[in-house]
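Colleague: what follows is a protein structure lacking sequence information:
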Ligand SMILES: O=C(O)CCC(=O)C(=O)O
Ligand SMILES: [Fe+2]
């Protein structure tokens with residue numbers, strides 16, 4: 001007989017003071033992280049890095065950004081489709097900041113939006129991006145160590161190209177605001193205001209679980225398509241969507257991690273039980289091919305990594 005309880009998004013506690021590489025806390029947290037990503041493709045990160053005051057400041061800054069005139073927001077452009085400034089059917093808008101790991105990118109974006117300066121915005125944005133980047137890098141180290149391939153952690157982390165996306169979902173009850181997809185990044189970490197809407201698929205059963213963060217100091221971590229390929233299918237990419245259920249404005253910040261250059265399955269992750277499933281691939285080429293397809297078809301489509309470099 002199957003279980004009557006529905007699966008829940010695992011919650012992993014990153015707030016322990018002794019969470020340092022090599023400690024018992026680190027090892028047990030790594031185990032939880034790895035099994036959550038293998039089984040569900042996502043988990044909730046509970047940390048104590050965000051006070052209520054910082055939470056409010058971040059989303060006040062996000063609102064201030066979206067309240068700028070459209071012609072100002074449109075100055076944020078990109079060579080990639082669906083980056084820069086994106087507005088869809090008057091209910092979804094996003095602003096994307098490339099190379100978001102560096103303070104200079106926050107400064108450049110801020111002076112593009114506010115030529116007279118906005119130090120508060122720049123500081124808040126850089127603070128949250130740094131917290132999210134640090135968490136992502138801890139997760140990468142934990143997973144690489146769990147698979148005994150920690151010798152690749154430093155070069156992997158050194159080649160991450162971060163994209164920070166501010167999204168705004170207008171009040172639109174009972175509305176599919178972002179269609180079903182898994183991300184084309186390696187991993188994504190997301191922070192939201194008080195309005196829920198993100199739903200994840202924890203199993204291949206078409207059931208949806210709402211992401212309802214237990215506190216303001218929580219993030220959700222998604223494994224994405226490139227993580228699945230790197231792990232030779234051990235890690236499950238998280239399928240998700242945004243369905244708006246309330247008449248309130250939803251703001252989110254997502255930090256997408258891409259790899260500059262080539263991704264290849266570590267030799268250590270190939271054996272009789274796990275024959276090689278992916279050719280080495282260039283992550284940014286995969287991304288560009290995917291985005292061009294979406295652009296051409298004018299709707300969000302899935303482009304699983306198998307279609308690009310599967311064996
Ligand atoms: O804003 C959200 O909750 C999800 C955003 C998302 O899935 C994306 O931008 O790929
Ligand atoms: Fe997504």
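Modeller: Thanks, I have the structure now. Computed from a prediction, not measured in an experiment: that's the story for all the values here. Ligands and ions are numbered 1, 2, ... in the order given.

Colleague: excluding its backbone neighbours, what's nearest residue 225?
Modeller: Using CB to CB, 6 or more residues apart in numbering and skipping residues adjacent in sequence, the residue nearest residue 225 is residue 305, 4.2 Å away. C-beta: built from backbone N, CA, C; applies to glycine.

Colleague: and the one you found, what are its phi and psi?
Modeller: Here is the backbone geometry of residue 305 (degrees, to the nearest 10): phi -60, psi -30.

Colleague: residues contacting stretch 229-238, please?
Modeller: Defining contact as CB atoms under 8 Å, 6 or more residues apart in numbering, one finds that stretch 229-238 is touched by 37-42, 143, 147, 182-183, 186, 200-201, 222-225, 227-228, 263-266, 269-270, 274, 276-278, 281, 305, 309.

Colleague: quickly check: stretch 246-264 near ligand 1 or not.
Modeller: Yes: shown here: stretch 246-264 in contact with ligand 1 (CB under 6 Å from any ligand atom) through 252, 254.

Colleague: returning to what we had before: from residue 289, how far out is the residue nearest to residue 225?
Modeller: Distance, residue 305 to residue 289, by CB to CB, to the nearest Å: 11 Å.

Colleague: could you list the buried residues of stretch 48-57?
Modeller: Across stretch 48-57, burial judged by 16 or more other CB atoms under 10 Å covers 49-50, 54-55, 57.

Colleague: for stretch 82-99, how far is the first residue from the last?
Modeller: 15 Å (CA to CA, to the nearest Å).

Colleague: can you list contacts of that stretch?
Modeller: For stretch 82-99, the external contacting residues (CB under 8 Å, 6+ apart) are 65-66, 70, 73-78, 105-106, 109, 125, 161-170, 172, 175, 177-178, 291, 294-295.

Colleague: tell me how far residue 177 lies from residue 281.
Modeller: Distance from residue 177 to residue 281, by CB to CB: 31 Å.

Colleague: what packs against the helix or strand of the chain with the lowest mean pLDDT?
Modeller: Least confident element among the helices and strands of the chain, by mean pLDDT, DSSP states H and E: helix 283-297 (a mean of 81). With contacts defined as 3 or more CB pairs under 8 Å, 6 or more residues apart in numbering; DSSP states H and E, helix 283-297 has these neighbours: helix 225-230, strand 250-259, helix 305-309.
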